[in-house]
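Participant: Generate a structure from the sequence data that follows.
(2 chains)
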Amino acid sequence: MTELNSVLEVVEVHKEYPTTPPVRALRGVSFSVARGELVSVVGPSGSGKSTLLHLMGTLDRPTSGEVVVSGYRVSEMSDRDLSFLRAHHIGFVFQQFHLLNGMTALDNVADGLLYTGRPLSERRELAEIELLHVGMGHRLNQQATKLSGGERQRVATARAMVGNPSIILADEPTGNLDTKNSDAIVELIEELNEAGATIVVITHNREIAESFPRAVGLRDGYIEYDSAWQGVA
Amino acid sequence: MTSTLERSQLHVTDIARTATVGMRTRRLRTVLSALGVMIGIAAMVGVLGLSESSKSELLAQLERLGTNLLTVEAGGGIGAGTGALPDEAAIMIGRIGPVESTSTISSVDANVYRSDLVDEGQTAGITVQAVDYTLLDSLAGTVADGKWLDTATGAYPTVVLGSVAAERLGIDEVTGTQQVWLGDRWFTVVGVLDTFELAPDLDRAAMVSLDAADTYLDHDNVPTRVLVRVAPEQIDQVTAVLAATANPEFPEEVEVARPTDALEAQEAADDTLTALFLGLGAVALLVGGVGIANVMVISVLERRGEIGLRRALGATRRNIAGQFLGEALLLATIGGIGGVLLGVGATALYSSIEGWAILVPAIAVFGGLGAALLIGGVAGLYPAIRASRLSPTEALHTT
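Facilitator: Here you go, the predicted structure:
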């Protein structure tokens, strides 16, 4: 593993939910993502994809094992510091877009920088540039509610990108889109990666997963395969 | 690769902006929940403003009338006396040092009618009083039409009517030629008075001069009431000796009163009402606060997705709590400002209709705003803490 270059490391991670009976969502998962990589994590529902995304995104903590983001060890950090870590180092794209209604596309993207402490004018400036990047320059001042599904996901992607985070985590980004819009978002993700962004895409769609340079297959809480292994082997 | 983690603070303006997100998307709900607080604050400000304005009116009234008037009256005759004051009561009272002036009223046993054709029983409840020329000044009374009695007119059969008496006798303006049938002879009406604030019973009286009563009605002019103006700082001392001075033989039969006490008693009753309405306002405010708490709790449930998103974007728990607490405070502030304006408006409207000075105490304005903020803070605290404790993963899983 190229430690120096890795943006994200997941080391022997277990996650157990204390329900009755307890659910063991992840049972010893290890892998790392290097700077500039585009990785898909693919698996059927119940395979532990979402749990893995939450752990990688520091939204939750593993029962055991370690997650390291940009060199910060999650197990050693307070809830407050994890918030700062997310604000500055991690971008999220969600299946449900999670845009704020009643706000324009521009302000939704600008809110991607809200918790970095930058002033509003600067946030809006950067948001405009990012919206131009994702091809939404003509819809800057459109209310979020007036955007189509494909447009919403573009805005959401711009919001994830705007802080220039170390890593972008996309959770089923095409899950709520038709084929045409889905293809367009996949294309956008590839373009962003080519421009230097490190991206992990969680999906249950094998076709999409295998179109990416690297795919990590997840099943029942284990890593079933990782296309990087072949390269190592 | 490990560098120091940047711990960024949210700007105050950004906290305020996030606090308005909920309101911008749910305007009707915002208005309705602010309305609850607004009604409460308006009630409290209005009640305080109105009571202050009416109090200032009373003070102005007392100022105008003077609080240094005492009345000395013959009591009901429980004791052995005659039920009248001695002839020389007014003179005796006038000799008390701090007494500034006295004025005698003597009830005349006669009735007054519109004309000599009116049946004797139909007195219309009007009394006839023989009075000093100083009476009008003593009672701070004013003439509505015509003029008050003086030594020139008082020597003749002339009469001045109280406001109610004039109305009942059908005299609304003084022409100088109207006559009334008083004690079996005609008296010319020379004046009609405005309402007396200090002696409402004289509104129903026909007043003749002591001279005229003596000359034309064969009246003995024994005083039934003496009005006494006293140096204000010595009222208590004078009150203490008035009875014994007026009627040394039967001082227990003399009633000494201070007419302005009645006005002050009325104000004390108003104070009790004010307290009651303030209590009602406080209840309304409390209900408004519960309304805000309710709306905020619902809002937190509805906006789990937003809370999850914000946590993912890097909001700390404190940021989330601040957003919802800020929203509650803002709702309450809108309600508070609206309530203060409404309360001041109501006070101004009612006071100007009543002709009072418009007075809204500063404590009502700032206290009202403070109370609104307090209610908002208390109402918003629990929902805010709840929002901040929400796990980001759970919050994100709701759409």
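Participant: Tell me the spacing between B:Thr127 and B:Asp203.
Facilitator: To B:Asp203, B:Thr127 is 10 Å away according to C-beta to C-beta, to the nearest Å. Every residue, glycine included, has its C-beta placed from N, CA and C.
Participant: Nearest residue to the closest residue to chain B within chain A in space, please, no chain neighbours.
Facilitator: For chain A, the residue closest to chain B is A:Ala87, as judged by C-beta to the nearest C-beta, at 2.4 Å. For A:Ala87, the nearest residue in space outside its immediate sequence neighbours is B:Gly314; the separation is 2.4 Å by C-beta to C-beta, 6 or more residues apart in numbering or on different chains.
Participant: give me every residue that touches the one you found.
Facilitator: A:Ser83, A:Phe84, A:Leu85, A:Arg86, A:Ala87, A:His88, A:Leu114, A:Tyr115, A:Thr116 (C-beta atoms under 8 Å, 6 or more residues apart in numbering or on different chains).
Participant: Please apply the same query to A:Thr157.
Facilitator: A:Val93, A:Val134, A:Ala170, A:Pro173, A:Ile185, A:Leu188, A:Ile189, A:Leu192.
Participant: ditto for B:Leu396
Facilitator: Neighbour list for B:Leu396: A:Leu59, A:Phe94, A:His98, B:Gly305, B:Gly308, B:Leu309, B:Arg311, B:Ala312 [criterion: C-beta under 8 Å, 6+ apart].
Participant: The last one against A:Leu85, yeah?
Facilitator: No: under the criterion of C-beta atoms under 8 Å, B:Ala312 is not in contact with A:Leu85, lying 11.5 Å apart.
Participant: and these two? which has more neighbours close in?
Facilitator: Counting neighbours by other C-beta atoms under 10 Å in any protein chain shown for B:Ala312 and for A:Leu85 shows that B:Ala312 has the greater number, 29 against 23.
Participant: Tell me the pLDDT of the more buried one.
Facilitator: In the prediction, the pLDDT value recorded for B:Ala312 is 95.
Participant: Repeat that for B:Leu381.
Facilitator: Looking at B:Leu381, its pLDDT is 95.
Participant: if I look at the one residue sitting closest to the centre of chain A, how far off is A:Ala209?
Facilitator: When C-alpha atoms, centre = their mean is applied to chain A, the residue found nearest the centroid is A:Leu169 (0.8 Å). When C-beta to C-beta is the yardstick, A:Leu169 and A:Ala209 sit 15 Å from each other.
Participant: So which bits of chain A are right by chain B?
Facilitator: Residues of chain A lying close to chain B (C-beta under 8 Å from any C-beta of the partner chain) are A:4, A:54, A:57, A:59-60, A:70-72, A:79-81, A:83-88, A:90, A:92, A:94, A:96, A:98, A:100-103, A:111-112, A:114-117, A:119-120, A:159.
Participant: Which members of those are positioned in strands?
Facilitator: With strands identified by DSSP state E, the entries of those that belong to them are A:Tyr72, A:Ile90, A:Phe92.
Participant: Verify the stated contact: the last one with A:Ala160.
Facilitator: I take that to be A:Phe92. Yes: using C-beta under 8 Å, A:Phe92 is in contact with A:Ala160, at 5.6 Å.
Participant: Residue ranges of each domain in chain B, please.
Facilitator: B:12-62+B:264-396, B:67-259 (automatic domain parsing).
Participant: Would you mind measuring from the nearest residue to B:Ala246 once chain neighbours are set aside to B:Ala257?
Facilitator: Distances taken as C-beta to C-beta, 6+ apart put B:Ala89 closest to B:Ala246, at 4.4 Å, once the chain neighbours are dropped. With distances taken as C-beta to C-beta, B:Ala89 is found 15 Å from B:Ala257.
Participant: try B:Val45
Facilitator: Noted for B:Val45: a distance of 38 Å to B:Ala257, by C-beta to C-beta.
Participant: Same question for B:Leu35.
Facilitator: Here the distance between B:Leu35 and B:Ala257 works out to 50 Å (C-beta to C-beta).
Participant: For the longest helix anywhere in chain A, which outside residues touch it?
Facilitator: Longest helix in chain A by number of residues, with DSSP state H as the criterion: helix A:179-194. Outside helix A:179-194, the residues within contact range by C-beta under 8 Å, 6+ apart are A:36-38, A:133-135, A:148-150, A:153-154, A:157, A:161, A:168, A:170, A:173-174, A:177, A:199, A:201, A:208, A:211-212.
Participant: Using CSV, list the CA coordinates for it.
Facilitator: As requested, the backbone C-alpha atoms of helix A:179-194 are provided in CSV (Å, rounded to 0.1, in the frame of the first residue of the first chain):
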residue,chain,number,x,y,z
THR,A,179,-30.7,6.1,-17.7
LYS,A,180,-29.9,9.3,-19.6
ASN,A,181,-29.3,11.4,-16.5
SER,A,182,-27.5,8.5,-14.9
ASP,A,183,-25.0,8.2,-17.8
ALA,A,184,-24.5,12.0,-17.7
ILE,A,185,-23.7,11.9,-13.9
VAL,A,186,-21.3,9.0,-14.4
GLU,A,187,-19.6,11.0,-17.2
LEU,A,188,-19.4,14.0,-14.9
ILE,A,189,-17.8,11.9,-12.2
GLU,A,190,-15.2,10.6,-14.6
GLU,A,191,-14.4,14.1,-15.8
LEU,A,192,-14.0,15.4,-12.3
ASN,A,193,-11.7,12.5,-11.5
GLU,A,194,-9.6,13.2,-14.6
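Participant: The helix or strand that it is followed by - what's its average pLDDT?
Facilitator: Following helix A:179-194 in sequence order, the next helix or strand is strand A:199-203 (DSSP states H and E). Predicted confidence along strand A:199-203 averages 96 (mean pLDDT).
Participant: could I get stretch A:101-112 in PDB with only the CA atoms?
Facilitator: What follows is stretch A:101-112 as a C-alpha-only set of coordinates in PDB (Å, rounded to 0.1, in the frame of the first residue of the first chain):
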ATOM      1  CA  ASN A 101     -35.600  23.800  -0.900                       C
ATOM      2  CA  GLY A 102     -36.200  27.500  -0.800                       C
ATOM      3  CA  MET A 103     -32.700  28.200  -1.800                       C
ATOM      4  CA  THR A 104     -31.100  28.800  -5.200                       C
ATOM      5  CA  ALA A 105     -28.700  26.400  -6.900                       C
ATOM      6  CA  LEU A 106     -25.900  28.900  -6.200                       C
ATOM      7  CA  ASP A 107     -26.600  29.100  -2.400                       C
ATOM      8  CA  ASN A 108     -27.000  25.300  -2.200                       C
ATOM      9  CA  VAL A 109     -23.500  24.900  -3.600                       C
ATOM     10  CA  ALA A 110     -22.200  27.800  -1.500                       C
ATOM     11  CA  ASP A 111     -23.500  26.000   1.600                       C
ATOM     12  CA  GLY A 112     -21.000  23.300   0.800                       C
END
